[in-house]
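Undergrad: I would like to see how this sequence folds:
(2 chains)
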Amino acid sequence: GAVVSQHPSWVICKSGTSVKIECRSLDFQATTMFWYRQFPKQSLMLMATSNEGSKATYEQGVEKDKFLINHASLTLSTLTVTSAHPEDSSFYICSARDPRATEKLFFGSGTQLSVL
Amino acid sequence: AQSVTQLDSQVPVFEEAPVELRCNYSSSVSVYLFWYVQYPNQGLQLLLKYLSGSTLVKGINGFEAEFNKSQTSFHLRKPSVHISDTAEYFCAVSDGAGNMLTFGGGTRLMVKP
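TA: Predicted coordinates for the structure are as follows:
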C-alpha cells in the first residue's frame, strides 16, 4: 500500500534555531500534502495545505513566516520551523492524498519537536 | 511503540442500518484514543475522543465509541446511518502524554439508499 515517510521522528533543538521536517510519498505522486500539529489531548490542528509548485495555503492563525512550507516536488514537502521557541514544542504530522486511490489519505509517522 | 489497525478498509451499508467500524490498537503505555472523519473534499474533523473516565464516549453526528482495554479496541458505532455519513473514518491513538499520534489505515463508509 501507499506509504508516507516522515522524518525525523524526534528532534531536540535549542531555542532560536530552525528545524526542517520532511514528508515524502514513497510510491505515489502527491500534488497535495497536509501539515498538522497535535496538542496533547486535543484534536489535530490543520496548519497548512501544501501544493506542489505553488504557495502553501495556511489556516487562520498559523504564521506563514514561522512555519515555512515547501512542496518542491510531487513526492516531497518540507515544513521548517524557523527560530523555534519552547512554545513550538509539539507533535507535527503530515499526510498526503493518493490520487490513484480516490484521494485516500495516508499519514506520516509524525515528528516530536522539543525546543529547549 | 504503538500501532492502530482498522480491520475493514471499506464498509458498505444501507441507509438507516446500524454500523460498527472496528479499531484495535497496541501500545505499551496508557493511551488516548480518537476517531476522525474526512468527508469528500474536506479536511479531518474530530468525531470523538477518549481521554479517561467513562469508557463509552459520545461524539458528534450520533456516533459513539467504546473503549475496551482488555480487548485493546475502540470501535465506532452509529445505530442508524444517513447518506451524509459517507466518508473516510480514521482511528488514532496517542501516548499517555497526548503526543505521538498514530493513525489507522482508515475505513471508507459507504451508505447506500
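
Undergrad: From A:F106, how far out is the nearest residue to A:L26 once chain neighbours are set aside?
TA: Distances taken as CB to CB, 6 or more residues apart in numbering or on different chains put A:V3 closest to A:L26, at 4.4 Å, once the chain neighbours are dropped. C-beta here means a position set from N, CA and C on the backbone, and glycine is covered the same way. When distance is defined by CB to CB, to the nearest Å, A:V3 is 7 Å away from A:F106.

Undergrad: Which one's more surrounded, these two?
TA: More neighbours surround A:F106 than the other of A:V3 and A:F106, with 22 against 14 (other CB atoms under 10 Å in any protein chain shown).

Undergrad: give me phi/psi at that one?
TA: In terms of degrees, to the nearest 10, the main-chain angles of A:F106 are phi -120, psi 140.

Undergrad: Next one, pLDDT for it please.
TA: Looking at A:F106, its pLDDT stands at 87.

Undergrad: Find me the pLDDT at the closest residue to it other than its chain neighbours, would you?
TA: Leaving aside its sequence neighbours, A:F106 sits nearest to A:V4 (CB to CB, 6+ apart; 4.6 Å). Looking at A:V4, its pLDDT stands at 92.

Undergrad: ok, what's across the strand from A:V4?
TA: A:S25 (DSSP bridges).

Undergrad: So which bits of chain B are right by chain A?
TA: Within chain B, the positions adjacent to chain A are B:32, B:34, B:36, B:38, B:40, B:43-44, B:46, B:49, B:51, B:88, B:90, B:92, B:94, B:97-103, B:105-106, B:108 by CB under 8 Å from any CB of the partner chain.

Undergrad: buried subset of those residues?
TA: Buried by 16 or more other CB atoms under 10 Å in any protein chain shown: B:32, B:34, B:36, B:38, B:44, B:49, B:88, B:90, B:92, B:94, B:98-103, B:105-106, B:108, out of the residues of chain B next to chain A.

Undergrad: which stretches of the chain have low pLDDT?
TA: All of this refers to chain A. For chain A, residues meeting the criterion pLDDT under 70 lie at A:1-2, A:101-103.

Undergrad: um, chain B though
TA: For chain B, the stretches with pLDDT under 70 are B:97-99.

Undergrad: Nearest to the spatial middle of it, which residue is it?
TA: Compute the mean C-alpha point of chain B, and by CA atoms, centre = their mean the closest residue is B:W35, 3.6 Å away.

Undergrad: quick one: contacts of the host helix or strand of that residue?
TA: Per DSSP states H and E, B:W35 falls inside strand B:31-38. In this structure, residues lying in contact with strand B:31-38 by CB atoms under 8 Å, 6 or more residues apart in numbering or on different chains are A:41, A:43-44, A:105, B:2, B:21, B:23, B:25, B:44-51, B:59, B:63, B:65, B:67, B:74, B:76, B:87-96, B:98, B:101, B:106.

Undergrad: Can you flag which of those residues belong to strands?
TA: A:44, A:105, B:21, B:25, B:44-50, B:65, B:67, B:74, B:76, B:87-95 (DSSP state E).

Undergrad: Any of those buried? List them.
TA: Here, 16+ other CB under 10 Å leaves A:44, A:105, B:21, B:25, B:44-45, B:47-50, B:65, B:67, B:74, B:76, B:87-95 buried among the ones in strands among the contacts of strand B:31-38.

Undergrad: ok, now which ones touch the nearest residue to A:V62 once chain neighbours are set aside?
TA: Leaving aside its sequence neighbours, A:V62 sits nearest to A:M47 (CB to CB, 6+ apart; 4.9 Å). Residues near A:M47 by CB under 8 Å, 6+ apart: A:35-37, A:58-59, A:62, A:67, A:79, A:92.
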